[in-house]
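Participant: Provide a 3D model corresponding to the input given below.
(2 chains)
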Number of protein chains: 2
Amino acid sequence: MQNNYFNCELNLKNSSKIVLTGDRPTGPLHLGHYIGSLTNRLKLQDSISEPNIIYIMIADTQALTDNFTTPQKIVDNVYEVAKDYISIGINPELSTIFIQSQVSEISELCMYYMNLVTIGRLERNPTVKNEIIQKKFNESVPAGFFCYPISQAADITAFKGEIIPVGEDQLPIIEQTNEIIRKFNRIYNTNCLVECTPYISKTPRLIGINGKAKASKSLNNAIFLNDNSEIVYKKVYSMYTDPDHLKIGDSGKIEGNVVFTYLDAFHQNQEEIQELKKHYQRGGLGDTTIKSILYKTLESILGPIREKRNNINNQEIKEILFYGTQKARLKARQTLNEVIEAMGLKYFS
Amino acid sequence: MQNNYFNCELNLKNSSKIVLTGDRPTGPLHLGHYIGSLTNRLKLQDSISEPNIIYIMIADTQALTDNFTTPQKIVDNVYEVAKDYISIGINPELSTIFIQSQVSEISELCMYYMNLVTIGRLERNPTVKNEIIQKKFNESVPAGFFCYPISQAADITAFKGEIIPVGEDQLPIIEQTNEIIRKFNRIYNTNCLVECTPYISKTPRLIGINGKAKASKSLNNAIFLNDNSEIVYKKVYSMYTDPDHLKIGDSGKIEGNVVFTYLDAFHQNQEEIQELKKHYQRGGLGDTTIKSILYKTLESILGPIREKRNNINNQEIKEILFYGTQKARLKARQTLNEVIEAMGLKYFS
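Facilitator: Model prediction:
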């Protein structure tokens, strides 16, 4: 499995494979999401051969596993994230956007899968292990968080997801899902569950504007898709560059210079950026100039997103979520029925 | 809490408190269940002031946590147990009999409660600890089994169960349930979940016919409610008595003599039994005689149960289960709605 990651560029043209992807609604989406996963979803949406094969899950239940004391934050961000999706061009007719908690079939699948995974196996899951340390749970790991790889297996299999876009750090979760799938199919002598393949984004995680860590809401170092132009301006002009580049005439460093990292990621004309880099290195190019170029670059992306965002009202978002969730439930219900049938748990016809 | 167990005899006359009880469908019910819990349910059914307050759950999902490789056995026993209930006189108009797995709301509640319990807390649960040893899971404890106290909290709260008949060994599960209830109500600033009180049966667990351990299906030492009279006869006549009581004239021991234990438990006239005991102790009373008395005693109970059982067809049982499960779902859906509202997770009205 490790050498067999699905290559999006290569094989997704006219693919009819089912894709499951999504986000934890713990904050609005930012440029890191945009470059890391959202643009890929748009490409996917353009390349698929039929509708109803892309499922985009807003994972509120999963977000609650480590945010259970602040459910209002999660609910608010469900709507924000949905708005972000529509603003960047996700088309709800082509991609099914749904709310995880509203698909009860996922919880039911999870209950059955919990019998197929031992506590020891969960303890050895490297992703969970790392996150328990990162999130400083210490000895107080909630059972819901500890078991979330099982819940993710339920998410994926509910929709018979075949291609799962993930970060490198999430690979053990996919491995765990496929273990559950194989075990279920073997024990219940069925092939109703379908193994999935991780699709790893080749884009490295976007650095935060302070240059210290990956962009994230919690570190307050990200540019959000819903930031207004004034805030974007402030954030760009506060970006970490080269602290030794004091005078315009000085030669400046590119490595670790966040402005150039963002220009690499977002500017359309990479030749122009190469020229700028050379100029900056030999001296004579001020930080204000490169920041002004970056600001315009980002605004050329964020401007239209912002405009689209302003034109969607909350009622429309609710309707999109309702419609998508209904569609998702139909698919999940179908899978749950097959799972129940395979286990022989059909009591009433 | 420890000194505050609900006393059935004292307080359940005209009670309107909700009772949740049930069985794991891992085998047909036997005389141990009859004397330990089933007769209490009949008493309850007679004493309640209104219908729809007794919920009897056939816990198939829970039974699967340690029987997940043999779901057919569980499904078969769901019907057998339901037949047992009706045969002994449970009235589905007064007591709601339902199948756990068919109430998806329980799974949903479980997912939310899993966030409120830490892995460390589950590890310290004495009931689970003991059962893990008894069931010889060693290092391979399924997550479903490990988390079953959370799932039981979901069972109980789904119906707002106030009185939970349990064995002494199950008290930590009730404690855990009340912990979850208090934590939920505190975090989400609600009182929608209701604390429950264990009701401990005063009847000691019935010994098996071999006198070695409690009567149970797995030890093959129980008399089942669906045993025919020939089998009951064989089982009674193979019962462990006093191995030193070789001749009728010998004096015999009462302690450890299974026939007398059963006569104590099931014979209507305890004065008569006291006389028999004295006679047996001073000598002159043969094992065949006391076994014959016990056989008649058991048949006077099992005969009518057997007759009722023969008059129920499978279709009727299915209808009773369907009807009860629909009723149970309505109640559970109401509770789930309140839980979701308290957490603020209502997306669509």
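
Participant: How is chain A divided into domains?
Facilitator: Domain assignment for chain A by automatic domain parsing gives A:8-206+A:313-343, A:229-310.

Participant: what distance separates the start and the end of the last one?
Facilitator: Which is domain A:229-310. Taking Cα to Cα, to the nearest Å, the first and last residues of domain A:229-310 lie 13 Å apart.

Participant: go on, stretch A:15-28?
Facilitator: For stretch A:15-28, the end-to-end distance is 30 Å (Cα to Cα).

Participant: most packed of the domains of chain A?
Facilitator: domain A:8-206+A:313-343 (a mean of 19; mean count of other Cβ atoms under 10 Å in any protein chain shown). In short, each C-beta sits where N, CA and C put it, glycine included.

Participant: The domains of chain A: lowest mean pLDDT?
Facilitator: When the domains of chain A are ranked by mean pLDDT, domain A:8-206+A:313-343 comes last with a mean of 92.

Participant: do the helix or strand containing A:Phe322 and chain B meet at all?
Facilitator: Using DSSP states H and E, A:Phe322 falls within helix A:314-343. Yes - counting by Cβ under 8 Å from any Cβ of the partner chain, chain B has neighbours in helix A:314-343: A:Lys318, A:Leu321, A:Phe322, A:Thr325, A:Met343.

Participant: so what's the second one up against?
Facilitator: Read it as A:Leu321. A:Ile58, A:Val78, A:Tyr79, A:Ala82, A:Ile97, A:Phe98, A:Ile99, B:Tyr347, B:Phe348 (Cβ atoms under 8 Å, 6 or more residues apart in numbering or on different chains).

Participant: Next one: the first one from chain B, what distance?
Facilitator: When you say that, I think you mean A:Ile58. As judged by Cβ to the nearest Cβ, to the nearest Å, A:Ile58 and chain B stand 10 Å apart.

Participant: How about the contacts made by that residue?
Facilitator: A:Gly22, A:Asp23, A:Pro25, A:Val78, A:Val81, A:Ala82, A:Ile97, A:Phe98, A:Ile99, A:Gln100, A:Leu321.

Participant: what's the closest residue in space to A:Ile132 that isn't next to it in sequence in contact with, if anything?
Facilitator: Counting by Cβ to Cβ, 6 or more residues apart in numbering or on different chains, A:Ile132 lies nearest to A:Val141, which is 5.5 Å off, once chain neighbours are set aside. Taking Cβ under 8 Å, 6+ apart as the criterion, A:Val141 is in contact with A:Ile132, B:Thr118, B:Ile119, B:Gly120.

Participant: The first one: which element?
Facilitator: Element membership of A:Ile132, judged by DSSP H and E, is helix A:126-134.

Participant: Show me the contact partners of that helix.
Facilitator: Looking at what lies outside helix A:126-134 - Cβ under 8 Å, 6+ apart - the contacts are A:Leu122, A:Glu123, A:Val141, A:Phe145, A:Phe146, A:Tyr148, A:Pro149, A:Asp169, A:Gln170, A:Leu171, A:Pro172, A:Ile173.

Participant: and the helix or strand containing A:Gly303, how far from the chain's centre?
Facilitator: Counting by DSSP H and E, the element that carries A:Gly303 is helix A:287-310. Put simply, helix A:287-310 sits 22 Å off its chain's centre (Cα atoms, centre = their mean, to the nearest Å).

Participant: Show me which residues of the stretch 151-300 of chain A sit near chain B.
Facilitator: Residues of the stretch 151-300 of chain A found near chain B (Cβ under 8 Å from any Cβ) are A:Ser151, A:Ile187, A:Tyr188.

Participant: and the residues you listed, which of them are in helices?
Facilitator: If you go by DSSP state H, those have A:Ser151, A:Ile187 in helices.

Participant: in chain A, which spans are strands?
Facilitator: Along chain A, the segments classed as strands by DSSP state E run A:19-23, A:54-58, A:95-99, A:163-166, A:197-200.
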